[in-house]
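# here are the coordinates; sequence isn't available:
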Ligand code: M6R
């Protein structure tokens, strides 16, 4: 939800800001803007509706904005339509020339209406429909009312603002400085080579710096070239440790692929292998590094998995694996539901939250809900130092590297692996699996990366099939058990990327209503990776065929009898059935990708979406 960048140094700021925004465009892409301060202390603001390239052209790649201090923003609209007026930066006056404060914001200010009325009573006027303009004007109001410096003015505004924000502000009377504040929305600050960088996420500054600070909730920072000071709400200085980022620069580039989505689909073998290697030593699971010792694992008698979107789909698949292997009850819930349901949680429950970004507002709130009741929490997270990672009791990092495409692929795959390892460990500790039995399963998981490579080698066939179905109106994915969990992810991938309506159904449930939607030519994709459910699902598919459906079956090599009933088959290698989701999802990611490209849509940045959903 919106990306923020900032720079104070000796180099020209605008090209660095534009480059950073290009790495954050996945966070929002309906408009963008820059504010840059030149050596004579003039601040210029340029904004543009549409993709970042419009702003790039408007500023001649940043060249038309000289100066070494600046802030930038790429927007995902919350308050106010996407327009140049509503684009950030926003100013405290009517224009940049009569403004003392200029700022960009990520997040949502919930009491914006009340604050707006307060400011109107104090003779402020508004030119945009954004909550950001209110935040900037509120800081200006306190600056003048109390005749204080930026830190005190921002602190007073923070006390009044309800909601979430990451703010980066420039003050006319403080040349060479940027001030930032944070509550709930992510923000990092990097310092290297006498220069300082601000960003919503690591990829934006990876090219320039490796040493970053994480600003915490309700903290502010005063940023100068090569220097940063952190403050709490009382205005006291807060000491912080620097974190070294290990992601390589190439990981945030396309590296010859046409789209990040395709690149990340191809990075799945590595994401799986790296994640597995971090949890397994000498063929045996070792979770001591994340605090999950045998005694800790033993202390839990039930699991609650909470997540959103694809991460929730991982939870759906994990539920089957945990319950089957470890015989421990698992409940899976959408974070947005969990947080408002007053869930009943026993003290021996482990709440597992799953999140790529580690910043998803609902998942973070669910984690806090669990913690506030004294329940232990484990986060499966990809982004190091993210809010969820920092607040959970135990953290298991997936090693998928930076995921730039808005639709998740490699992070989903890495999350699945993490849940398999956990399920095996819970089963081993509970005595449901012997050491050797656990090792056998781990060895099997180690075969997954090569098997994904094999599926990727055969992608042309999927491309051909996708080209036939690029005009489909509705697509149904059906499966039972783990195959149902895979269907959920496959269906989301297809609809979020290609805008084709699709639904995922537990195969046995179709005939309870939804089968009435099946008509001549409707594509029904059946997931058939679980041997004991194979025939049942085929029967449900055949019921659709009898009503005109065109059937695609996805099963493992050996199940050639499927061709007696379905019109098109995709075969995948075999792995232990508990882990089959890791293979089955890959052709379906490719299917969604190829259909989207065939339709000419932007596969990396689907409409209306943002990668990191930091509002509820
Ligand atoms: O960063 P998170 O894993 O918490 O994000 C959760 C969802 O927002 C995310 O999976 C979303 O559903 C993607 N659009 C899926 O491709």
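Okay, I see it. Just so we're clear, the structure is a prediction, and the values are computed from it rather than from any experiment.
# Look up how far residue 414 lies from residue 452.
12 Å (C-beta to C-beta, to the nearest Å). The C-beta positions use only the backbone N, C-alpha and C, and glycine is treated the same way.
# So which of those two has more stuff around it?
Taking other C-beta atoms under 10 Å, residue 452 and residue 414 do not tie; residue 414 has more neighbours (31 against 25).
# hmm, back to that, report the set of residues contacting both of residue 452 and residue 414.
Contact criterion C-beta atoms under 8 Å, 6 or more residues apart in numbering; residues bridging residue 452 and residue 414 by contacting each: residue 272.
# residue contacts, residue 580?
Counting by C-beta under 8 Å, 6+ apart, residue 580 has contacts 482, 483, 486, 529, 530, 556, 572.
# For the last one, which residues count as its bridge partners?
Listed beta-bridge partners, residue 572: residue 556 (assigned using DSSP bridges).
# Would you map the strands across the stretch 1-150 of the chain?
In the stretch 1-150 of the chain, the segments counted as strands under DSSP state E, counting those that start in this stretch are 3-8, 31-37, 43-49, 69-75, 90-91, 101-109.
# what helices or strands is the helix or strand of the chain with the lowest mean pLDDT leaning on?
In the chain, no helix or strand scores lower on mean pLDDT, DSSP states H and E than strand 243-244, which sits at a mean of 88. With contacts taken as 3 or more C-beta pairs under 8 Å, 6 or more residues apart in numbering; DSSP states H and E, strand 243-244 sits against strand 211-214.
# Please name the strands paired to the strand it packs on in the sheet, noting orientation.
Strand 211-214 is paired, per DSSP bridges, with strand 188-192 (antiparallel), strand 243-244 (antiparallel).
# mind putting those in JSON lines, distance to the ligand and mean neighbour count included?
Shown next, in JSON lines, are the strands paired with strand 211-214 (distance: least, C-beta to the nearest ligand atom, whole Å; neighbours: other C-beta atoms under 10 Å):
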{"stretch": "strand 188-192", "distance to the ligand": "16", "mean neighbour count": "22"}
{"stretch": "strand 243-244", "distance to the ligand": "19", "mean neighbour count": "12"}
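# lowest-confidence stretch among those strands?
Lowest mean pLDDT of those: strand 243-244, a mean of 88.
# Quick check: next helix or strand after that strand?
Next helix or strand after strand 243-244 toward the C-terminus (DSSP states H and E): helix 260-266.
# Do any residues in that next one lie close to the ligand?
No: Helix 260-266 is not in contact with the ligand by C-beta under 6 Å from any ligand atom; minimum separation 9.8 Å.
# Kindly report the same for stretch 320-336.
No: using C-beta under 6 Å from any ligand atom, we find that stretch 320-336 stays clear of the ligand, coming within 8.1 Å at best.
# What residues of that stretch count as buried?
320-322, 325-326, 328, 330-336 (16 or more other C-beta atoms under 10 Å).
# And residue 561, how close does it get to residue 553?
On the measure of C-beta to C-beta, residue 561 and residue 553 end up 10 Å apart.
# Many thanks, we can stop here.
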